[in-house]
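# sequence plus predicted model, see below.
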Amino acid sequence: MKILIAERDELERKGIRWVLLSNQILITQLKETDNEEECLDILFDWKPDILIVELEMLTHSRKQLTNLLRELEIKTIVHTHHKTFEAAEQSLNMKAEALFIKPYDTNEWLHTMKNTVINSHKKTSEDKENFIHHGWAYDLLFGRVFNDSLILDQVRTWGYQQIPTLVVALSLDKSNQGEVDLTKLVHFINSEFQSYRPFVLIVEDHLVLLFSGEYLASDQEPIHSLRRILVYFCQKAKSERGLSFSASIGKWYNNPKMVHQSYWEAKRALLRRFYFGGNHVFPPIENLVLTEIDPFLSPEESDEFMKHLRNIDREMLKNWLNDQVNNYSITEESFPDSENVRIRLTNILSHIRRFMLEKVYLLEEEHLYKKLFNNILSGEVLFDIIHNILSFCYRLCDQVEKEETSYNSILIKKAIQYINENYATSITLEDISAFVNRNSQYFSSMFRKQMGCTFTDYLQRKRIKEAQVLLMGTTMTVSEIAEQVGFTDPGYFSRVFKKVIGYSPSFWRTHNNPTI
């Protein structure tokens, strides 16, 4: 029975060792570690039967360690300093035998440990053999190949006559609804590829498939054959299971010592998903060229983008954001570094932030702004990120129009009151725009939108309406009335009156003033 104790505290490790050895626990080998990096190395290389681990020691590699424990079926006892939901959830993910909160009851811990050892011994000899030799595939992936013949002996226990050296990285796209447990996909992958017998591994947040050329079509180039198989699988998984996968293939070196290089190249090939979208199969990149882009907007670009935002110009915003993508040179082997693109997008987001600060009520969208920021940092597909940025801009435009329509109504009421009090003077559009503290062009557009007519039309109708009152109720001459309501030219007054009412002032007065 091989047991690994992974605890930062030396006294804690010594205490656990003493409890194990003094209570006649059947142990063939016992190892200790005080850091997570060494812990992962020992799990890969030594493959213990039982792991006793302090949860707080794992700061960067919890997900990787969890996948490894479940893949290798290592029984685990977890220790933690904190009684939290997160600790319990992490233990469940590890499929731990038990979770102990420090300080814990030694007798209870010992009872759990003995049961774990007993259950571990119940494994069949076949399971034990698989368990011991399972790590050869990880040795290939991470460059721990020191003896080809030793690995060949191990792979033959899995039915291979050759060491599998064709590497595929298989990743679930984020477009899938809900979280999918990778461990539950291993059986599905094996059944779908059963004719080709890949060895399936879970590594971090993706699957790795190791293929041997002996199970691929002998009359086709291996990479070409593998790409055809993967395209069919991705299409079938999407149509029949509703699962969207992206796959990438590393270069084939047919050399066990180069499998780790092929794996790195497969992961690099998968970066193209950022530009080409999910549910794709990406072949090896022969000569990658990362094109240069400026990760920051130029002053001219900044001014243009802010102008479109402030003008609430949706069409120009859409065109401008689409140009951010269309201006890049993107091919299968030539594209910008996605990190530089993400920096540029965060720079665009900072300008949106400036716009939000200009209109304080837009800060109510802060939670969506933060969500968009996270999407830029971790979003999987560039076009989806651009779409989300544009949607957020549209939402801000809607909010501005809604708010300003309400506020503009107040300004228009003030403007109408000003016109009612000053129509008899020579007021102009510039006068009333200054009164409501708005640019004359903006005010003119706002007035027309709110009132359904231009400022000039409204002012003339107001003056004509007041002139009608005077024509009906006084004996003032047409020239006097024209001057009284703000017209300096009686002839122009008569023309406007006829245009609005349909009759000249004199004719209208004759038919509407009973005293005449």
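Perfect, thanks for sending it.
# show me what the helix or strand containing I118 is packed against.
Taking DSSP states H and E as the definition, I118 sits inside helix 106-121. Packed against helix 106-121 by the contact rule (3 or more Cβ pairs under 8 Å, 6 or more residues apart in numbering; DSSP states H and E) you find helix 10-22, strand 50-54, strand 75-80, strand 98-101. In short, each C-beta sits where N, CA and C put it, glycine included.
# rerun at 7 Å
Under the contact definition 3 or more Cβ pairs under 7 Å, 6 or more residues apart in numbering; DSSP states H and E, helix 106-121 sits against strand 75-80.
# distance of the residue nearest to L309 when sequence neighbours are not counted relative to N374?
Distances taken as Cβ to Cβ, 6 or more residues apart in numbering put F355 closest to L309, at 4.7 Å, once the chain neighbours are dropped. Using Cβ to Cβ, to the nearest Å, F355 is found at 20 Å from N374.
# quick one: L290 is in a strand?
Yes: with DSSP: H, G, I helix; E, B strand; the rest coil as the criterion, L290 is located in a strand.
# my guess is it contacts E339. True?
No: if you go by Cβ atoms under 7 Å, L290 and E339 don't touch, sitting 9.9 Å apart.
# find residues that contact each of those two.
Here L290 and E339 share no contacting residue, scored by Cβ atoms under 7 Å, 6 or more residues apart in numbering.
# on that earlier part again, of F355 and N374, which one has the most company?
Using other Cβ atoms under 10 Å as the criterion, F355 and N374 rank with F355 on top: 16 against 9.
# flag the shaky bits of this structure, pLDDT-wise.
24, 26, 28, 121-134, 407, 513-516 (pLDDT under 70).
# just the strands in it please.
For the chain, the strands defined by DSSP state E cover 2-6, 29-33, 50-54, 75-80, 98-101, 166-172, 199-203, 206-211, 245-249, 281-282, 289-291, 334-336.
# alpha carbons of the longest one, as CSV, please.
These are the backbone C-alpha positions of strand 166-172, laid out as CSV (Å, rounded to 0.1, in the frame of the first residue of the first chain):
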residue,chain,number,x,y,z
LEU,A,166,-0.4,11.1,-32.5
VAL,A,167,-1.8,13.8,-30.2
VAL,A,168,-5.2,15.4,-30.2
ALA,A,169,-6.4,18.1,-27.8
LEU,A,170,-10.2,17.9,-27.5
SER,A,171,-12.0,20.8,-25.8
LEU,A,172,-15.6,21.4,-25.0
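# counting by contacts, list what that strand packs against.
Against strand 166-172 (3+ Cβ pairs under 7 Å, 6+ apart) you get strand 206-211, helix 222-236, strand 245-249, helix 259-269.
# what does the second one contact?
Looking back up the chat, that one is helix 222-236. Contact with helix 222-236 is made by 166, 168, 192, 196, 211, 213, 216-217, 245, 247, 249, 252, 279, 281, 283-284, as judged by Cβ under 7 Å, 6+ apart.
# tell me who's in contact with the nearest residue to M356 once chain neighbours are set aside.
Leaving aside its chain neighbours, M356 sits nearest to L362 (4.1 Å; criterion: Cβ to Cβ, 6+ apart). Residues near L362 by Cβ under 7 Å, 6+ apart: M356, L396, Q399.
# which parts of stretch 457-464 are buried?
Buried residues in stretch 457-464, defined by neighbour count with 16 or more other Cβ atoms under 10 Å: Y458, L459, Q460, K462, R463, I464.
# same thing with stretch 399-406?
Q399, V400.
# distance from it to the middle of the chain?
29 Å (Cα atoms, centre = their mean, to the nearest Å).
# what sits up against that stretch?
I312, K359, Y361, L362, E365.
# mind checking which of these are buried?
I312, L362, E365.
# now for the last one: which residues touch it?
Taking Cβ under 7 Å, 6+ apart, we find E365 in contact with R395, L396, Q399.
# between those residues, which sits nearest S350?
When the contacts of E365 are compared for distance to S350 (Cβ to Cβ), L396 wins out at 14.3 Å.
# how far away is the nearest residue to the closest one once chain neighbours are set aside from H308?
Counting by Cβ to Cβ, 6+ apart, L396 lies nearest to L362, which is 5.8 Å off, once chain neighbours are set aside. Using Cβ to Cβ, L362 is found at 16 Å from H308.
# one more: I202?
Applying Cβ to Cβ to I202 and H308 gives a distance of 46 Å.
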